[in-house]
Every structure is written in structure tokens, then in C-alpha cells.
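Chemist: Please find the sequence and the predicted model below.
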Amino acid sequence: MMLKKSGKRILRSPVTMIGIAVLTAHMAIAALAPWLTPYGSSELAGMPFEPPSREFWLGTDILGRDYLTRLLMGGRITISVALCGVFIAIVAGAFFGLAAAWHGGMIDEVIMRLVDTKVAIPSILLVGVLIPGFGQSVPVLILVIALVYVSGVIRTVRALALTIAPQGFVTAAVLRGESNLSIMCREFLPNVLDLLCVEFAIRMSSAILLVSSLSFLGLGISPPTPDWGLMVSEGVGYIHTDPWLVIYPSIALSTLVVALNLTTEGVANALGLDAARGMTKG
């Protein structure tokens, strides 16, 4: 019944539906990107700086690569990296947050002190140490994203789990002799899933911007692999003569982030959750 009412609230919100439609289009394009263009993302298909034409719908870049191909594949890379990093952060954050809330005592103290230590380190400093130290690669970038967001997820999940722990169904599970892992998975997890979904969407929006920002600064995706932030960085020097090199990836990035934010806010409101809580530090 709750899910049915939430679904009706979402359907009655035009802004949320627009966000969902745009987000769905982005995800579908990212999934189908390799089959939507006849060129390779690094293939020198034409002359540099060719304007939009029937052969190259969005023109070519500074090396003669089809810009539409790079735009589509860039979205695929950006979304994939952010998705993997945030998924790891959500899974790890849910586990440690529930463990801290349920076990309490020394386990809670150790987990939360580690979280406080991580929060005390600025994210930009963490990125600046890990990426040059471990190498500029996709796995390292995914790990960095997970480390940036995991502490915030732990805090949020722990706070909600502390309100669930005194409930009667948890006490009943303890009296039945269920194991700690079983209680966490069967009693706590179903009651924090709504929050985790909102957390995932919020962190995804921020992670996509982080991936693109790092690529723009030369710390993210390495050339010739396409990425929206990297494409903006490559085209910014030609913005006066060939502005589309900057405009197209900027539009793609902004529409994706706005769609994610609209969808997240609408779903959070429909579920009765505060979407802003996920924007806390960490």
C-alpha cells in the first residue's frame, strides 16, 4: 500500500516525471552507446574541426574524431565509473552503519572514529594523494569515489538504525535466537532500503560531477578514453572558434545532474524522506 501511494505521488508530479524521463534517456543512451554510432571513440574519422554535417552530426574534435561518438561514449564512461564507486560506498556504508548501530560498544566506537578521521580529511586532499600515489586508472578512480562517499552513508544509516534497534520486532528476533548477521539483514536492512535508494541517487549526482571535475583537472579519465569533463578540458582552448567542443558535453552533464536531482527529490518526497540529509559533509 505504501509503495502504491508513493507511486501515485510520483506520477502526479510533472517535475519528477520530467526528471525520470531525462534520466531514463541518459541511461538508455549510455547502455546502447557502442551500437548508436559507426565510429570508434578514438578513431580518426575525418579532418579536425569539421562542422556538423550528415556524416558527422556534431562535427569532429581537435584530432578529427567523431564528436557524437565521443559524447555518447563519454557519458557511458562517466556514468559507469560513478555508478560503480557509489554502489561500493552504499554497500560498505550500509554494512558498517548497521554494524555500528546494532553492536554498539567498541565496534561502534572504532567505526565512528574512523569515519570522523575520514571526514576531517578534505576530499580534494584525499583525491590528490590517492590518484597520483596509486596511478591514474579507472579502478583507482572508482576506489576514490567509494572512499569519498562511504563515511556519509555510514553516518546516515547508523542514525536511522539507532531508531530501529529498540523496536519490538528486533527484540523478538533476539529472543528467537537469530544471529547478529540475520538480524541486520532481515530486520534492519528492509527498513533502511528506502533511505539507501535516496542516498544512492544523491551520491550519484555528486559523483558524476566529481568524475567530470577530476577529468577536467587531469586527475580522472586518461586520454584517449572519452569523458565529459576531459572533453570540456580539451575544447576549452578553442571555445572562441569551435564552441560546440565545450557546449555539447556541458549540456549533457548538466541535464544528467539536474534530472538526477529532480528524480531524487521527487522520490524522496513521495517516500516521506528528507533528500537534503544526504548532502551532509562526508
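Modeler: Received it, and whenever you're ready, just let me know what you need.
Chemist: use CA for all of it now, contacts and neighbours both
Modeler: OK.
Chemist: Which residue ranges of the stretch 151-282 of the chain form helices?
Modeler: All helices of the stretch 151-282 of the chain, identified by DSSP state H, counting those that start in this stretch, fall at 168-175, 180-183, 189-216, 228-235, 244-271.
Chemist: Show me what the last one is packed against.
Modeler: Using 3 or more Cα pairs under 8 Å, 6 or more residues apart in numbering; DSSP states H and E as the contact criterion, the secondary-structure elements in contact with helix 244-271 are helix 2-11, helix 14-32, helix 67-103, helix 189-216, helix 228-235.
Chemist: ok, now which ones touch the residue nearest the centre of the chain?
Modeler: By Cα atoms, centre = their mean, the chain has its centre lying nearest to residue 204, at 1.9 Å. Residue 204 is in contact with 82-83, 86, 260, counting by Cα atoms under 8 Å, 6 or more residues apart in numbering.
Chemist: I'd like to know which of those are buried.
Modeler: Neighbour-count burial (16 or more other Cα atoms under 10 Å) applied to the contacts of residue 204 gives 82-83, 86, 260.
Chemist: Report the two of those residues separated the most.
Modeler: Taking Cα to Cα as the measure, the buried ones among the contacts of residue 204 span a maximum distance of 13.9 Å, between 86 and 260.
Chemist: Verify the contact between residue 20 and residue 258 for me.
Modeler: No - counting by Cα atoms under 8 Å, residue 20 stays clear of residue 258, with 10.4 Å between them.
Chemist: And the two? Which one has more around it.
Modeler: When residue 20 and residue 258 are compared for neighbours, residue 20 comes out ahead with 21 against 15, by other Cα atoms under 10 Å.
Chemist: what's the spacing between that one and residue 139?
Modeler: Distance, residue 20 to residue 139, using Cα to Cα, to the nearest Å: 29 Å.
Chemist: State the phi and psi torsions of the closest residue to residue 46 other than its chain neighbours.
Modeler: Of all residues not flanking residue 46 in the chain, residue 64 sits nearest, at 4.8 Å (Cα to Cα, 6 or more residues apart in numbering). Reported as degrees, to the nearest 10, the phi and psi values for residue 64 are phi 90, psi 20.
Chemist: Number of residues surrounding residue 64?
Modeler: Using other Cα under 10 Å, residue 64 has 17 neighbouring residues.
Chemist: residues in contact with residue 200?
Modeler: Counting by Cα under 8 Å, 6+ apart, residue 200 touches 86-87, 90.
Chemist: wait, residue 248
Modeler: Counted by Cα under 8 Å, 6+ apart, residue 248 has contacts residue 71.
Chemist: what's the average pLDDT for stretch 254-264?
Modeler: Over the span of stretch 254-264, the pLDDT mean works out to 92.
Chemist: Then stretch 167-187?
Modeler: Per-residue scores along stretch 167-187 average to 82.
Chemist: Contacts made by that stretch with the rest, please.
Modeler: Residues contacting stretch 167-187 (Cα under 8 Å, 6+ apart): 98-99, 102, 164.
Chemist: now those residues as CSV including pLDDT?
Modeler: Shown next, in CSV, are the contacts of stretch 167-187 (pLDDT from 0 to 100):
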residue, pLDDT
98, 91
99, 91
102, 86
164, 88
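Chemist: Most widely separated two among the residues you listed?
Modeler: 99 and 164 (12.8 Å).
Chemist: between these two, which one's more packed in?
Modeler: Using other Cα under 10 Å, the more surrounded residue of residue 99 and residue 164 is residue 99, with 21 against 18.
Chemist: how near is that one to residue 155?
Modeler: Distance, residue 99 to residue 155, by Cα to Cα: 12 Å.
Chemist: Kindly report the same for residue 24.
Modeler: 30 Å.
Chemist: ditto for residue 84
Modeler: As for residue 84, its distance to residue 155 is 20 Å (criterion: Cα to Cα).
Chemist: swap in residue 236?
Modeler: 39 Å.
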